[in-house]
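Undergrad: whatever this is, show me its structure:
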Amino acid sequence: MIATRRAFLGMAAAGAAFRPAMAAEAYALLGPKQIAILRGTSASLRGSLTRWADRHLDAASKARASVHVEGGIAGRGDYDASAEALRELSAIRELALASALGNEAYAAKAAMLLARWLEIYRPNFNPIDETGFENLFVAWDALPEAAQAPHAARYIEFARGFAQGYLDRLPGLRGNTAINNWHSHRVKIMTLAAFATGDIHLIGEVRAAFEAHLARTLIPDGPTNDFAERDAIHYVVYNLLPLCTACLAAKSHGQDWYATRAANGATIAGSLDWTLPYATGEKTHAEFERSKVRFDFERRNAGVAGFKGDFEPAKARDLFVVAARLDPRYWPIARKLQPGNIWYDAPFPRPAG
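TA: Numbering: from 1, shown residues only. Below is the predicted model:
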């Protein structure tokens with residue numbers, strides 16, 4: 001299976017070049033440097049982090065064995081219950097970030113909720129359903145070692161299962177979801193999970209998947225391939241954000257994935273630059289008018305926000321908040337769209353000015 005997967009990813013030509021020279025530290029996104037910065041953050045941010053966490057101290061677990069939100073609409077089927085469960089992953093992240101400041105109550109609550117997911121959740125390897133598990137991996141990074149210890153073996157098994165499970169399915173992928181925003185979310189999940197294990201061979205295979213994907217999903221000096229299918233800046237943003245998150249995880253491990261130039265000459269920076277005028281408001285775009293996907297019109301007819309009218313620059317907020325941590329050229333737009341973002345500002349502070 002590994003040989004088949006490597007052939008699929010084109011690793012035969014590159015071989016060990018994708019592998020870090022030394023064993024990676026086992027964390028997904030927040031390493032010792034980020035945790036130290038978080039612990040020394042300003043009084044204002046510390047207060048905000050604790051206020052976030054306080055909202056969740058009495059919460060009951062919402063962990064589920066499965067979730068399904070892809071293709072769903074609020075009020076239909078299992079969508080609402082799954083979405084509510086996935087929101088708990090953000091709550092766990094908030095508790096864990098605050099626990100890094102030394103509060104044992106936050107650590108205990110975050111560990112209890114997180115452990116419940118480790119116990120019962122079984123991945124379905126649908127990246128749209130599971131993209132929110134980014135928050136679980138970040139939460140683990142922020143937990144103090146004493147809170148991690150009782151669950152450490154299960155967590156590594158869980159992270160490895162995510163990374164390996166997605167990798168094992170790559171050769172069988174077909175159609176647009178093998179090359180569009182779906183696959184960018186796969187790559188993000190695989191990246192965080194692989195780095196969480198510290199396994200350099202797993203990380204190397206995920207990096208190969210990342211590099212192979214860029215040539216399939218990015219148009220040189222243009223948008224992502226979603227734009228031709230969906231006619232929406234929304235989906236360009238939805239594709240680029242997970243790629244930037246993967247790059248930020250790599251950066252925290254001392255690897256520069258952001259500078260990768262794909263086989264077709266495309267770069268993430270080139271696609272961000274194409275998107276930037278829509279984020280500043282310099283350009284406008286009527287969203288989904290010529291989409292080829294029926295579901296986009298079902299959501300428009302159901303009144304789902306963002307599926308009718310011009311692209312709203314605020315929708316690019318999270319993308320450029322992350323992109324600015326990779327490329328300082330994007331700090332002006334990040335500041336304009338999001339003057340403050342507690343979760344990023346605490347471990348990845350903004351430069352002065």
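Undergrad: can you report how many residues lie near residue 43?
TA: For residue 43, the number of neighbouring residues by other Cβ atoms under 10 Å comes to 7. For glycine as for every other residue, the C-beta is placed from the backbone atoms N, C-alpha and C.
Undergrad: got it, and residue 58?
TA: By other Cβ under 10 Å, the residues close to residue 58 number 7.
Undergrad: check which helix or strand covers it.
TA: For residue 58, there is no host helix or strand (DSSP states H and E).
Undergrad: now do it, the pLDDT please.
TA: Residue 58 carries a pLDDT score of 96 in this model.
Undergrad: three-state assignment of the residue most central in space within the chain?
TA: Most central in the chain under Cα atoms, centre = their mean is residue 242, positioned 4.5 Å from the mean C-alpha point. Using DSSP: H, G, I helix; E, B strand; the rest coil, the secondary structure recorded for residue 242 is helix.
Undergrad: now do the same contact list for it.
TA: Taking Cβ atoms under 8 Å, 6 or more residues apart in numbering as the criterion, residue 242 is in contact with 131, 181, 184, 185, 187, 188.
Undergrad: tell me which element the third one falls in.
TA: For residue 184, the enclosing helix or strand under DSSP H and E is helix 181-197.
Undergrad: what's the first helix or strand after the helix or strand encompassing residue 147?
TA: Using DSSP H and E, residue 147 falls within helix 145-148. Per DSSP H and E, helix 145-148 leads on to helix 152-169 as the next helix or strand towards the C-terminus.
Undergrad: can you give me the helices in the stretch 1-150 of the chain?
TA: Assigned by DSSP state H, counting those that start in this stretch, the stretch 1-150 of the chain shows helices spanning 2-9, 11-14, 32-39, 43-54, 79-99, 104-120, 127-130, 134-142, 145-148.
Undergrad: just for this protein, where's the confidence low?
TA: Along the chain, segments meeting pLDDT under 70 span 1-23, 353.
Undergrad: distance check, residue 303 against residue 75.
TA: Distance, residue 303 to residue 75, using Cβ to Cβ, to the nearest Å: 11 Å.
Undergrad: cool, residue 265 as well?
TA: According to Cβ to Cβ, residue 265 and residue 75 sit 44 Å apart.
Undergrad: between those two, tell me which one has more neighbours.
TA: Relative neighbour count places residue 265 above the other of residue 265 and residue 75, with 12 against 8, counting by other Cβ under 10 Å.
Undergrad: confirm that that one sits in a strand.
TA: No. Under three-state DSSP, residue 265 sits outside any strand and is assigned coil.
Undergrad: quick one: residue 247 and residue 326 touch, right?
TA: Yes. The criterion here is Cβ atoms under 8 Å, and residue 247 meets it with residue 326 at 5.5 Å.
Undergrad: thinking again about what came up before, ranking the helices of the stretch 1-150 of the chain by burial, who's on top?
TA: Highest mean neighbour count among the helices of the stretch 1-150 of the chain (mean count of other Cβ atoms under 10 Å): helix 134-142, with a mean of 27.
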